[in-house]
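J.: here is the input, now give the coordinates:
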Amino acid sequence: MFTLTASIIVAIIYVGLAISKLVLYSQTLHRDCFVETQVITYLLYGGLVDLGWIVLCIISPCCGFNPTTYLVTTQTRQGGRVINEQVDKKTAESKDLGNHMLLGAVACFLGSFVFWCLGNAWVLNKYQYADFYDVTSSNYCDSTLFKGAFGIVISADVWIALFVFTIIFIWCKK
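T.: Take a look at the predicted model:
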């Protein structure tokens with residue numbers, strides 16, 4: 001019961017972080033940040049790939065992806081035997097679409113990891129140099145933009161720790 005509850009909490013936090021990146025992006029789109037110009041990029045693309053892989057994972061079964069069929073077909077092809085299935089063309093095409101969507105979800109998940117790393121590098125690296133008051137400074141950054149991104153990055157780091165803890169707990173419980 002604990003593992004299910006922990007998994008749901010981790011998933012809700014993850015979706016909340018992805019949405020908060022996009023909301024902060026939309027609220028601070030035209031504000032300046034000279035100390036690190038990539039903060040806006042992190043908020044936009046990080047939020048999009050975070051939501052992208054979740055959406056693709058959710059809709060891939062609706063487009064014909066079946067994990068059991070996929071694994072059996074892959075293992076049979078690797079073993080050198082060919083499966084003789086009588087399926088119509090539309091069913092085969094929908095299975096292919098579901099498989100491609102799942103592969104897209106994996107690519108977005110890897111992109112999410114890349115943007116998590118970039119967010120840590122872009123935001124945490126420049127926080128001590130950011131000037132939130134002098135607009136003419138070369139280290140000026142809008143307070144809402146940078147502190148919001150800082151909070152999101154720290155929250156994402158805490159989320160990673162919770163995720164790893166949940167995985168370890170589930171693994172040790174088996």
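J.: count the residues that sit near Cys117.
T.: Using other Cβ atoms under 10 Å, Cys117 is surrounded by 10 other residues. To be clear about C-beta, it is placed using only N, CA and C from the backbone, and glycine gets the same treatment.
J.: what helix or strand is it on?
T.: Assigned by DSSP states H and E, Cys117 belongs to helix 89-119.
J.: buried stuff in that helix?
T.: 95, 97-99, 101-102, 104-105, 108-109, 111-112, 115-116, 118-119 (16 or more other Cβ atoms under 10 Å).
J.: also stretch 55-64?
T.: For stretch 55-64, burial by neighbour count (16+ other Cβ under 10 Å) applies to 56-57, 60, 63-64.
J.: strands of this protein, start to end?
T.: Using DSSP state E, no strands are assigned anywhere in the chain.
J.: residue ranges for the helices of it, please.
T.: For the chain, applying DSSP state H gives helices covering 2-27, 39-59, 67-78, 89-119, 143-173.
J.: packing partners for the first one?
T.: Same thing as helix 2-27. helix 39-59, helix 143-173 (3 or more Cβ pairs under 8 Å, 6 or more residues apart in numbering; DSSP states H and E).
J.: can you lay out the ones you listed as TSV showing mean pLDDT and distance to Leu4?
T.: Output for the helices and strands packed on helix 2-27, formatted as TSV (pLDDT from 0 to 100; distance: least, Cβ to Cβ, whole Å):
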stretch	mean pLDDT	distance to Leu4
helix 39-59	90	18
helix 143-173	90	10
